[in-house]
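Engineer: heads up, no residue letters with this:
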């Protein structure tokens, strides 16, 4: 009897809950389940065929052959696109380098030589297991005492020189060099040479008298048939500048024998047609004294080029060892001989016609600032100083402040 009353009571108490539950089941649960079931069936309809296709492809007996062909083609393409990478240019193709490096940045990986040594004067071989220790073979006497000017910026380091308005004469003293005289008077070496009809191979002696111009330029003597415009065009100066600096009344106020100071003028460069041909048998001999076009000669003993001139490489790298030397590619005057940051022991020559040549990474320099050198003269011993990997010569040609491709001048 008690159980029957409890069952009735529970039935009446849970009746509202049953009504609510049925309502939610019919109006919410069933629709949601139908949507879920439809989506699942649609996904299965789409995935099963694709799954079967993938299994068919990878299980096909020709799949392995196709994969091997693709690998071979990929490797072949990569090898065709590959280039020789030196430590000097490693990483320069990365996106980060392109974003942060300037156009003249020179990023070089540095490798120091080991502690082994080889006797000087013997022939070196890359098959040998011994090399000279570059760190102990640097001539430290060459690392100090050099105050020669930077290329293209001579006025920044010259001492103050009183301004002069007239040409004066200078009596050459014992120990004088053309470079020292030019620096003493605040002039370029070329100005001293031009005003005294000297060349880079000329010799001055104590007691000689030199004409010292008031400013850099050329002292020109008017000849028969000369006109001011012709002189200006030949020496790359303005007619108005000549008139002003020489106190002329007009462009027609010229007389034969008059001397004109052509400020910042340069004599016209003679055109040479002499050419030199080199044979394969002479690849590892010292440079011939016979000049190439324009009077240039090969700047070192070997002709093995390890890196060419390019957008991010301002010169030519030529292989060598400690038995090879750097030679003057043309006659000129030494405007720098010493340590120049990443270039290491460096020699720079001014050739007087807008050309400057640079020879870098030496183990020992043989010439000093102001010294006049001739074509083919030994300048230094090959080394690997500065930011360098292995013994080699880094050779640059600079024309009017712009780097040139050395192979356009030397062969």
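Structural biologist: Received, thanks. It should be emphasised that the depicted structure is a prediction, and the values quoted were computed from it without experimental measurement.
Engineer: tell me where the model's unsure across the chain.
Structural biologist: The model of the chain has pLDDT under 70 over residues 1-3, 47-59, 81-162, 165, 200-201, 268-294.
Engineer: what's the domain layout of it?
Structural biologist: For the chain, the structural domains run 2-61, 83-153+269-411, 217-263, going by automatic domain parsing.
Engineer: quick one: the helices in the chain?
Structural biologist: Here the chain has its helices, by DSSP state H, at 2-24, 30-59, 63-81, 95-100, 178-184, 189-195, 228-235, 239-246.
Engineer: winner for burial among those?
Structural biologist: Highest mean neighbour count among the helices of the chain (mean count of other CB atoms under 10 Å): helix 189-195, with a mean of 23. Backbone N, C-alpha and C define where each C-beta goes, glycine included.
Engineer: now the helices of the chain as JSON lines including distance to residue 367?
Structural biologist: Compiled in JSON lines, the helices of the chain are given as follows (distance: least, CB to CB, whole Å):
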{"stretch": "helix 2-24", "distance to residue 367": "102"}
{"stretch": "helix 30-59", "distance to residue 367": "72"}
{"stretch": "helix 63-81", "distance to residue 367": "44"}
{"stretch": "helix 95-100", "distance to residue 367": "36"}
{"stretch": "helix 178-184", "distance to residue 367": "11"}
{"stretch": "helix 189-195", "distance to residue 367": "14"}
{"stretch": "helix 228-235", "distance to residue 367": "30"}
{"stretch": "helix 239-246", "distance to residue 367": "35"}
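Engineer: which one, of these, ends up nearest to residue 252?
Structural biologist: Residue 252 sits nearest to helix 228-235 of all the helices of the chain, at 7.7 Å, using CB to CB.
Engineer: spatially nearest residue to residue 365 (excluding sequence neighbours)?
Structural biologist: residue 380 (4.6 Å; CB to CB, 6 or more residues apart in numbering).
Engineer: show me the residues around that neighbour that make contact.
Structural biologist: Counting by CB atoms under 8 Å, 6 or more residues apart in numbering, residue 380 makes contact with 325-326, 345, 347, 359, 362-367.
Engineer: quick check on these: which are buried?
Structural biologist: Burial by neighbour count, 16 or more other CB atoms under 10 Å: within the contacts of residue 380 this picks out 325-326, 345, 347, 359, 362-367.
Engineer: and the nearest residue to residue 166 once chain neighbours are set aside, how far is that from residue 168?
Structural biologist: If the residues on either side of it in the chain are set aside, residue 166 comes closest to residue 214, at 5.9 Å by CB to CB, 6+ apart. Going from residue 214 to residue 168 by CB to CB, to the nearest Å gives 8 Å.
Engineer: can you check residue 208 too?
Structural biologist: From residue 208 to residue 168 the distance is 15 Å (CB to CB).
Engineer: so the two - more neighbours on which side?
Structural biologist: residue 208 (14 against 11; other CB atoms under 10 Å).
Engineer: count of neighbours near residue 342?
Structural biologist: Each residue near residue 342 was counted by other CB under 10 Å, and the total is 17.
Engineer: so it touches residue 387, yeah?
Structural biologist: Yes: look at residue 342 against residue 387 with CB atoms under 8 Å: they come within range, at 3.9 Å.
Engineer: is residue 300 in contact with residue 327, as I believe?
Structural biologist: Yes: counting by CB under 8 Å, residue 300 does reach residue 327; the two are 6.5 Å apart.
Engineer: ignoring the adjacent residues along the chain, who's closest to residue 251?
Structural biologist: Nearest non-adjacent residue to residue 251, counting by CB to CB, 6+ apart: residue 228, 4.5 Å away.
Engineer: isn't that neighbour up against residue 258?
Structural biologist: No: between residue 228 and residue 258 there is no contact under CB under 8 Å: 10.8 Å.
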